[in-house]
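> Dropping a prediction and its sequence here:
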Amino acid sequence: MEIYFLGTNAGVPTLQRNVSSVALRLLEERRSLWMFDCGEGTQHQVLRSPLRLGRLEKLFITHLHGDHLFGLPGLLSSRGYQGGTAPMTVYGPPGLKAFLDISLSVSQSRVPYKLEVIEHNGGLIFEDESFKVESALLEHRIDSYGYRVTEKDRPGSLNTERLKAYGLKPGPLYGVLKSGRNVTTDEGITIAAADVLSEPKRGRIITVLGDTRPCGNSIPLAREADLLVHEATFSHELAKMARDYHHSTTVQAAEIAKEAHARQLILTHFSSRYGSLDELIPLLEEARSIFPNTLLAEEFRLYPVERKTGN
């Protein structure tokens, strides 16, 4: 499980950074790719990355401002040209479906795969046997949502040496034990799953917040997240401007991470006033003064989502 930033700038692209988009690679977990936001030029960024649109399974839009949305019609169309045939689902606020219907129909764009658009107002928006995704409204000039992705705990590993000692060979009973159920061999020996399974592998939590001022829903969305992606449009000295424009500062993002007991914070969505990476270092230092395990989002860089061990 890895996070990969395709765009980290706020509002408009610059020569250094593109507008918002972040990918979540789930190659080991489900052999797929999820994405959050799709600003203009995202598909160009994908071409320069190790990502493949054919693996794109789900795309979550935080809000309908253009720097988070305008790249979506082109990306959906290009996915078909690049071998994407599997079904895909796009999630986002009300109005998303109308935007896509008009964009794709007027341009006569062909989408040669099943495309489902799910509009939501927060809550549980997806769940299967491996993951669930929850969303909640944030505080921005238009409705903006944060997403909390929870990987469910996975069964521990089987102790094959101990199973051999029981005389049990690989087969269907291995799957029964893996699911946590006891089995009885043909010889009448009962094997308790707890005796041959290691501790379950704790699932990871990734939280991606859309544009927002500090607000009440940020904390539960980020609670004990292994990785929190939070906008930091402005430095602390521009806190009034951040509030006026319904955005957050570095310090505010760090305070959210600290209060939510997140494990790691990555800052993104930087104002164009900060041009080079060197100009962003003071923003990083501000955040680290409150929440030390903070990083700056850099485009075309992989950030592994580490699994917490122990309690």
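Sure thing, it's come through.
> Let me know the secondary structure of E199.
Counting by DSSP: H, G, I helix; E, B strand; the rest coil, the backbone at E199 sits in coil.
> how much space between it and R154?
Using CB to CB, to the nearest Å, one gets 11 Å for the distance from E199 to R154. Where you see a C-beta, it was placed from the backbone N, CA and C, and this is true even at glycine.
> Same drill for these two, tell me which one is more crowded.
More neighbours surround R154 than the other of E199 and R154, with 14 against 11 (other CB atoms under 10 Å).
> Specify the beta-bridge partners of that one.
Assessed by DSSP bridges, R154 has beta-bridge partners K201.
> The chain should start at 252 in everything you say after this.
Right, with 252 as the first residue, what we last looked at is R405.
> G454 is in contact with that one, correct?
Yes. Counting by CB atoms under 8 Å, R405 does reach G454; the two are 6.9 Å apart.
> Let's see the pLDDT reported for N562.
At N562, the pLDDT value in this model is 55.
> Tell me how many other residues surround A508.
27.
> Tell me if I'm right that it and T545 touch.
Yes. Using CB under 8 Å, A508 is in contact with T545, at 7.3 Å.
> what touches both of those two?
Counting by CB atoms under 8 Å, 6 or more residues apart in numbering, the residues touching both A508 and T545 are L516.
> ok, for the residue of the chain positioned farthest from its centre, nearest residue in space, not its chain neighbours?
In the chain, the residue that sits farthest from the middle, by CA atoms, centre = their mean, is E438; the gap is 48.4 Å. Leaving aside its sequence neighbours, E438 sits nearest to G418 (CB to CB, 6 or more residues apart in numbering; 6.9 Å).
> Are we agreed that that neighbour is in a helix?
No. Under three-state DSSP, G418 sits outside any helix and is assigned coil.
> That one and T436 touch, don't they?
Yes. The pair G418 / T436 is scored as a contact, 6.7 Å apart, by CB under 8 Å.
> Can you give me the neighbour number for the residue nearest to E438?
Other residues near G418 number 11, with proximity taken as other CB under 10 Å.
> Look at the residue nearest to F485 when sequence neighbours are not counted and tell me its secondary structure.
Take F485 and drop its neighbours on the chain: the residue closest to it by CB to CB, 6+ apart is A493, 4.4 Å away. Put simply, A493 is helix when judged by three-state DSSP.
> swap in V297?
Counting by three-state DSSP, the backbone at V297 sits in helix.
> For I376, see how far away S499 is.
S499 sits 23 Å away from I376, going by CB to CB.
> who has more neighbours, the two?
A side-by-side neighbour count of S499 and I376, using other CB under 10 Å, places S499 first with 30 against 20.
> wait, what's in contact with the more buried one?
For S499, the contact set (CB under 8 Å, 6+ apart) comprises 463-465, 481-485, 493, 507.
> in the stretch 302-451 of the chain, which spans are strands?
Under the criterion DSSP state E, counting those that start in this stretch, the stretch 302-451 of the chain contains strands at 307-311, 339-343, 366-370, 374-378, 382-388, 396-402, 434-435, 441-442.
> Which one, of those, ends up nearest to E550?
strand 307-311 (17.9 Å; CB to CB).
> buried residues in the closest one?
By neighbour count on 16 or more other CB atoms under 10 Å, the buried set for strand 307-311 is 307-311.
> Could you single out the nearest of these to V357?
Checking the buried residues of strand 307-311 one by one against V357 (CB to CB), the nearest turns out to be L310, at 20.7 Å.
> Look at the closest one and report its pLDDT.
pLDDT, L310: 98.
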